[in-house]
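Visitor: fold the following.
(one chain, ligands or ions: 2)
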Amino acid sequence: ATPTSIMVGTGRGAEMGVLFRKGEALQSLKDARVVALDKTGTLTQGKPTLTDLETTGGHARDEVLALVASVETKSEHPIARAIVEAAGADGLKLSDLSRFDSMTGYGVSADVGGRRVEVGADRFMEKLGLDVGAFAPFAARLADEGKSPLYAAVDGELAAILAVSDPIKPSTPEAIRALHDLGLKVAMITGDNRRTAQAIARQLGIDEVVAEVLPDGKVEAVRALKRQFGGLAYVGDGINDAPALAEADVGIAIGTGTDIAIEAADVVLMSGSLKGVPNAIALSKATIRNIR
Ligand code: ADP
Ligand code: MG
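Guide: Residues are numbered from 1 along each chain as shown. Ligands and ions are numbered 1, 2, ... in the order given. So this is what the prediction gives:
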């Protein structure tokens, strides 16, 4: 493309809230064959709420919620905020904690008033040697509704299953339809539960799902999708998306996301709306067509 057409294209992008940080991105986006998107905060609002809590082993709901919320006050994860807010809404008193530990991709733990509390994904409970099988039918039902199940253990015994639900952004269904209309494949990459991810993907018509990836796994997932489909654009908002944004042929960050993701991206969507993704690709195609 000529410098003039790149300038014109970049200007038109800015008018529609799509910031091209590098001219090459405007040229290479037209070659994308697949768009891979992070789930939490990208396809969804990133503001989950607690929807379910069922106890086992004779524990009371409020007792478990207070213990779990006490631990989550120290976590930055969106799930943590959902749990702390739910405890606050129920007027529960939270307790001081010690020995807080966070295992990325698994969950969090701490001592709360002399009790050992562990909260996280099923793979965290498995790591602790706890069997979550008794909750399996309920967990499957929650996941099929697009909710993310997680588990709490108290003093080394399974105490509860919880679920959080993160609403899909209003712009997401239309953005995915527009990507399909442009002839692209759409993939989701997430650390969340596989069954939950598949339920959301089915609802949105997403073609490929890579779920239960550990933080380092997003780059590997991007490489595998590139091998399978060719040119790849990755869309994400979080700190843990930065390596995948850099690995993609074109990295697209949500402007409302973290600075680290924005720094790693070639393109920034000024609003949280995902419509900027198909708009940017269509603009790239139009810009390159004009100069031929
Ligand atoms: P994602 O951001 O896609 O959820 P993460 O790697 O941050 O991926 O987390 C993977 C899973 O680990 C979560 O879906 C959740 O089940 C569990 N997890 C992580 N942090 C917490 C936390 N603070 N409280 C409860 N569960 C957590
Ligand atoms: Mg995210």
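Visitor: contacts only, for A66.
Guide: By C-beta atoms under 8 Å, 6 or more residues apart in numbering, A66 lies in contact with A87, L92, K93, L94, S95. Backbone N, C-alpha and C define where each C-beta goes, glycine included.
Visitor: what's the burial count for the second one?
Guide: A count of nearby residues for L92, using other C-beta atoms under 10 Å, gives 18.
Visitor: which residue, other than its chain neighbours, is closest to it?
Guide: Distances taken as C-beta to C-beta, 6 or more residues apart in numbering place A66 nearest to L92, at 4.4 Å, with adjacent residues excluded.
Visitor: for the fourth one, same thing?
Guide: Taking C-beta to C-beta, 6+ apart as the measure, L94 lies nearest to S70, with 4.5 Å between them; neighbours along the chain are not counted.
Visitor: for the one you found, give me the pLDDT.
Guide: In the predicted model, S70 carries a pLDDT score of 98.
Visitor: for T104, same thing?
Guide: pLDDT, T104: 89.
Visitor: what of I291?
Guide: Reported pLDDT for I291: 53.
Visitor: just use 34 as the starting number from now, easier for me
Guide: Sure, I'll start counting at 34 from here, so that last one is I324.
Visitor: following the lengthiest strand in the chain, which helix or strand shows up next?
Guide: The longest strand of the chain (DSSP state E) is strand 190-198. Per DSSP states H and E, the first helix or strand lying C-terminal to strand 190-198 is helix 205-214.
Visitor: count of neighbours near D155?
Guide: Around D155 there are 21 residues (other C-beta under 10 Å).
Visitor: also the one 5 residues further on?
Guide: Applying the criterion other C-beta under 10 Å, we find 14 residues in the vicinity of K160.
Visitor: look up the closest residue to it, ignoring the ones flanking it.
Guide: K160 sits nearest to Y139 (C-beta to C-beta, 6+ apart), 6.6 Å away.
Visitor: elements contacting the helix or strand that M158 is a member of?
Guide: According to DSSP H and E, M158 maps onto helix 155-160. Under the contact criterion of 3 or more C-beta pairs under 8 Å, 6 or more residues apart in numbering; DSSP states H and E, helix 155-160 touches strand 181-187.
Visitor: what about the strand it packs on, near ligand 1?
Guide: Yes - applying C-beta under 6 Å from any ligand atom, one finds strand 181-187 touching ligand 1 at S181, L183.
Visitor: again with stretch 285-298
Guide: No - using C-beta under 6 Å from any ligand atom, stretch 285-298 never reaches ligand 1; the gap is at least 12.0 Å.
Visitor: contacts for the strand or helix carrying S131, please.
Guide: Assessed by DSSP H and E, S131 sits inside strand 130-136. Applying C-beta under 8 Å, 6+ apart, the contact partners of strand 130-136 are 103-104, 106-108, 141-145, 150, 153, 157.
Visitor: how about the contacts made by the residue of the chain found nearest ligand 1?
Guide: The nearest approach of the chain to ligand 1 comes at G224, 2.4 Å away (C-beta to the nearest ligand atom). The contact partners of G224, by C-beta under 8 Å, 6+ apart, come to G138, A244, E245, V246, L247, P248, G250, N273.
Visitor: for the second one, give me phi and psi.
Guide: Translated: A244. A244 adopts backbone torsions of phi -120, psi 170, taken as degrees, to the nearest 10.
Visitor: what about the closest residue to L265 other than its chain neighbours, distance to A69?
Guide: Sequence neighbours aside, K259 is the residue nearest to L265 in space, at 4.7 Å (criterion: C-beta to C-beta, 6+ apart). K259 sits 9 Å away from A69, taking C-beta to C-beta, to the nearest Å as the criterion.
Visitor: likewise for D95?
Guide: For D95, the distance to A69 - C-beta to C-beta - is 41 Å.
Visitor: which residue is nearest the centroid of this structure?
Guide: Nearest residue to the geometric centre of the chain (C-alpha atoms, centre = their mean): T73, 2.3 Å.
Visitor: got a list of what that residue touches?
Guide: For T73, the contact set (C-beta under 8 Å, 6+ apart) comprises G79, P81, P111, D199, T223, D225, G271.
Visitor: verify the stated contact: the last one with T291.
Guide: Yes - using C-beta atoms under 8 Å, G271 and T291 qualify as a contacting pair, with a distance of 5.8 Å.
Visitor: quick one: buried residues of the biggest helix by length in the chain?
Guide: Using DSSP state H, we find that the single longest helix of the chain is helix 309-323. For helix 309-323, burial by neighbour count (16 or more other C-beta atoms under 10 Å) applies to G309, V310, P311, N312, A313, I314, A315, L316, S317, T320, I321.
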